[in-house]
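**Student:** following is a predicted model, sequence given first.
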Amino acid sequence: MLRPHRIDTVCGPLTGGALLAQSIAIELGVEFAFAERIETDRGGLYPVDYRLPPGMRSAIGGLRVAVVDDAISAGSAVRAALADLVSCGAIPVALGALMLIGPKAVSLATEMRLPLERLLELPNAIWTPAECPLCAAGRPLTNP
């Protein structure tokens, strides 16, 4: 499904879809890259970044890249990897996943104007604490 996008490199988050990304890169006969999970001191729901390791950063500039994850729900790993790839001069051309969980990946692809290839979509509601109906009702997420 990614072949028509004329990809030079497939990149995946190391703690998620990197093995899938590597398998796809081998199948397509293209390069493979990965983005490492970096803890930040940033607050909020997604205080983690994903960055290419130093040895890959200069080599990816100008290359057409597909970002692939095994499953995309909130999309934070894919979004962070995309941002770092762009900062390195890469050209994102597609997103891919085995499975989408909820609508966030479609929204991200639309926002980034990237095609999104996937095998399966499952519903899942993700709320910020301010939007969560259980939080608004003062109900615990689990029974004590």
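**Tutor:** Sure thing, it's come through.

**Student:** show me what contacts the residue nearest the centre of the chain?
**Tutor:** With distances taken as Cα atoms, centre = their mean, Val78 lies nearest the centre of the chain, 1.6 Å away. Neighbouring residues of Val78 by Cβ atoms under 8 Å, 6 or more residues apart in numbering: Pro13, Val67, Asp69, Ile72, Leu95, Ala105, Leu108. To be clear about C-beta, it is placed using only N, CA and C from the backbone, and glycine gets the same treatment.

**Student:** all strands of this protein, in order?
**Tutor:** Remark: strands assigned in the chain by DSSP state E are 9-13, 31-39, 48-51, 64-72, 91-101, 116-122.

**Student:** ok, of these, where does mean pLDDT dip lowest?
**Tutor:** Here the lowest mean pLDDT among those goes to strand 48-51, at a mean of 92.

**Student:** quick one: residues in contact with it.
**Tutor:** By Cβ under 8 Å, 6+ apart, the surrounding residues in contact with strand 48-51 are 13-14, 35-40, 76-77, 80-81, 84.

**Student:** just checking: what are the partner strands of that strand?
**Tutor:** Sheet pairing of strand 48-51 (DSSP bridges) gives strand 31-39 (antiparallel).

**Student:** buried set for the strand it pairs with?
**Tutor:** Buried residues in strand 31-39, counted by 16 or more other Cβ atoms under 10 Å: Glu31, Phe32, Ala33, Phe34, Ala35, Glu36.

**Student:** got a list of what the nearest residue to Ala125 once chain neighbours are set aside touches?
**Tutor:** Here the nearest residue to Ala125 in space, its sequence neighbours aside, is Gly102; by Cβ to Cβ, 6 or more residues apart in numbering that works out to 6.7 Å. The neighbourhood of Gly102, defined by Cβ under 8 Å, 6+ apart, consists of Ser73, Ala74, Leu122, Pro123, Asn124, Ala125, Ile126.
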